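In: 3D model of this:
(one chain, ligands or ions: 1)
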Amino acid sequence: MELLFGIDVPLSVVLLPVTLLLAYLYGTWPYGTWRSLGIRGPPPTAFFGNTRAFSTKGTLYTLLDWSKEYGRVYGIYLGRQPLLVTSDLDILKEVLVKDFGHFSDRFNAGIALTARPIEKGVFFVGGADWKRIRNIITPTFSAGKLKMMEHFINRCGTDLAENLVEIAEHKGKVDVKEYFGAYTLDVITGTAFGLQVNSQKDFSEPFVSNIKKMMSRAGRTNVFFILAALAPFLAPLIGKIRNRFFQPETISFLLHNIGHMVEERKREKQDRRPVDFLQLLINAESSEVAASSGNVSKKRLTKDEIIAQVFIFFIAGYETTATTLQYLAYSLAVHPDVQKREKPSYENVGKLKYLEQTIYETLRLFPPVTMVTRMASETVTIKGVTIPKGFGVLVPICDVLRDPEYFPEPEKFMPERFSSANKNDVSFLAFGFGPRLCIGMRLALLEIKIAMVHVLRAVKFNKTPDLPEKMTFKPAGGLLPSAFPILIQSELRSSENAKPAPRRRAAGPGAATVDQL
Ligand code: HEM
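Out: Numbering: from 1, shown residues only. The predicted structure follows:
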């Protein structure tokens, strides 16, 4: 190829810089968007935007640092996609509640990568599908339905207390994640599928080991997510390739087994069917169908949708509740004064206001889900801030929960701050807020309280000398795992009253009940 001054230049030498320039422009051109709307924010890097801060520092430290620098409203980019981050409660109330109609969907490039049929789970779906599925599954978590499950949860609580007593008798240390994780897994496998896996005793059970393996990978940055963030228009294709050729074995195992259980349940005689989420979803399907003759397709769940919901209950319910219990035990060990204040017994479980406040304070300081997102379906202006159609809103849960204006002296562990009604305020975001609030909140609180009533009646938690007073976290997507194993000492309570609940009492008079909680 001949260019100026008669010099021969190969085509590739011309094309290379042009391609690089075009690639650079592609990787950077959206980054003026927030500036043009008058909104400041951390400087993005080409292609990645501000994503790398999350994967290197973790969400909690990143969001706290950014709000210190940019305040309660600023703009970031996930890959090339703009998101408004706001901890302004007026704006959050509009987005999460008052103008929910324009913000009902999640903003997440990763959704297109979610394995089939999990993408049909209520957590991921949007629009009319979300409304339909959420309406059908909401009654599954009613107080009445949870009451049917409480006998089983009490039994898991008894197992947990017995295990901790055994350790206390040998003056050993407890890795709280292992024990509370196993309790939570027992509860969720029982309440979701009616399976009694006893992971507190048998860590090798295939269902248990596959779930643990899957959860240990949760939150890891993965090449498919990076690709989808760089080129969102390719996300559906990337998702298909990933799910066709790179589906993790653990997910395939679980999906296959859940599908099998759905088939078995449908064949089983009515009177032999257990009360668990799987059955309630199958029942909801048939009763809705019967009730809405003529409007069947609007009301029913498909088999894939049933599988997806049970799977989501699992994912959303296991790590979150186990993490809360783990940080609750840690908080009690490093604040012996709090632990002394109230000694739970089955008889006073309904009056355990301080225990309840302690759970809320644990969720405030250590929210297992550190952020959630919404997407604007129309251009909306709130308090002078314009959020264009298709832009995301990131709700920085962990930042709101540590904002000194909403929670004075935020670093201090003070359960008393929840003695007033502020747990129902938009500032208490640990379970989200508004119509898309965590659907499993009541189950989680029930599970946590039952565990604590059983455990704290039998043992005390003591800080070991090597347990740091200040918690630190490692990066893991939107989750909040501790940077070190939490080892605490379990000590027997001295009084006669301090034995774990005898098995026969677990669901009998005196056991923790939904009515009391
Ligand atoms: C301490 C325990 C838990 C915490 C802190 C927690 C937190 C959250 C948060 C922050 C959200 C997002 C809400 C929003 O977008 O506004 C959520 C959604 C959800 N949670 Fe939980 N969760 C917990 C336990 C559970 C349990 C036990 C289950 C079920 C068995 C569950 C099932 C779900 C589902 C299905 C959603 C999606 C709801 C929707 O999109 O409509 N969660 N959770």
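In: Any stretches of this structure with poor pLDDT?
Out: Residues of the chain meeting the criterion pLDDT under 70: 1-7, 109-115, 203-205, 215-248, 269-273, 285-299, 342-351, 421-424, 494-517.
In: quick one, longest helix in it?
Out: Secondary structure of the chain per DSSP state H: the longest helix is helix 303-334.
In: after that one, next one along is what?
Out: Scanning forward in sequence from helix 303-334 by DSSP states H and E, the next helix or strand is helix 336-341.
In: Render the CA-only coordinates of that following helix in PDB, please.
Out: Provided in PDB are the C-alpha atoms of helix 336-341 (Å, rounded to 0.1, in the frame of the first residue of the first chain):
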ATOM      1  CA  PRO A 336     -19.900 -10.300  76.900                       C
ATOM      2  CA  ASP A 337     -22.100  -7.500  78.400                       C
ATOM      3  CA  VAL A 338     -24.600  -8.000  75.600                       C
ATOM      4  CA  GLN A 339     -24.600 -11.800  76.200                       C
ATOM      5  CA  LYS A 340     -25.200 -11.400  79.900                       C
ATOM      6  CA  ARG A 341     -28.200  -9.100  79.500                       C
END
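In: what residues does the chain put near the ligand?
Out: 122-123, 134, 312-313, 316-317, 320-321, 324, 368-369, 372, 430-433, 436-440, 443-444 (C-beta under 6 Å from any ligand atom). To be clear about C-beta, it is placed using only N, CA and C from the backbone, and glycine gets the same treatment.
In: From the ligand, how far out is residue 88?
Out: Per C-beta to the nearest ligand atom, to the nearest Å, residue 88 is found 16 Å from the ligand.
In: thought that residue was touching residue 73?
Out: Yes. Under the criterion of C-beta atoms under 8 Å, residue 88 makes contact with residue 73 at 5.7 Å.
In: higher neighbour count, these two?
Out: residue 73 (19 against 16; other C-beta atoms under 10 Å).
In: Who does that one form a beta bridge with?
Out: residue 86 (DSSP bridges).
In: what sits against it?
Out: 39, 84-86, 88, 91, 385 (C-beta atoms under 8 Å, 6 or more residues apart in numbering).
In: Could you report the neighbour count for residue 89?
Out: 17.
In: Can you flag which of the contacts of residue 73 belong to strands?
Out: Secondary structure from DSSP state E places 84-86, 385 of the contacts of residue 73 in strands.
In: quick one: the strands in the chain?
Out: Using DSSP E, strands in the chain cover 73-78, 81-86, 173-175, 372-375, 380-382, 385-387, 392-395, 459-463, 487-492.
In: list the helices and strands the second one packs on?
Out: Think strand 81-86. helix 59-70, strand 73-78, strand 385-387, strand 392-395 (3 or more C-beta pairs under 8 Å, 6 or more residues apart in numbering; DSSP states H and E).
In: again, only this time at 6 Å
Out: strand 73-78, strand 392-395 (3 or more C-beta pairs under 6 Å, 6 or more residues apart in numbering; DSSP states H and E).
In: Output stretch 166-180 in PDB, but only the C-alpha positions, please.
Out: The C-alpha trace of stretch 166-180 is given here as PDB (Å, rounded to 0.1, in the frame of the first residue of the first chain):
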ATOM      1  CA  GLU A 166     -20.100 -31.500  73.200                       C
ATOM      2  CA  ILE A 167     -17.400 -29.100  72.200                       C
ATOM      3  CA  ALA A 168     -17.900 -27.100  75.400                       C
ATOM      4  CA  GLU A 169     -17.400 -30.300  77.500                       C
ATOM      5  CA  HIS A 170     -14.000 -30.800  75.800                       C
ATOM      6  CA  LYS A 171     -13.200 -27.100  76.100                       C
ATOM      7  CA  GLY A 172     -12.700 -26.800  72.400                       C
ATOM      8  CA  LYS A 173     -13.000 -24.000  69.900                       C
ATOM      9  CA  VAL A 174     -15.800 -23.700  67.500                       C
ATOM     10  CA  ASP A 175     -15.400 -22.700  63.900                       C
ATOM     11  CA  VAL A 176     -18.800 -20.900  63.900                       C
ATOM     12  CA  LYS A 177     -19.100 -20.900  60.100                       C
ATOM     13  CA  GLU A 178     -18.900 -24.800  60.000                       C
ATOM     14  CA  TYR A 179     -21.500 -25.300  62.800                       C
ATOM     15  CA  PHE A 180     -24.000 -22.600  61.900                       C
END
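In: Before I go, just wanted to say thanks for your time.
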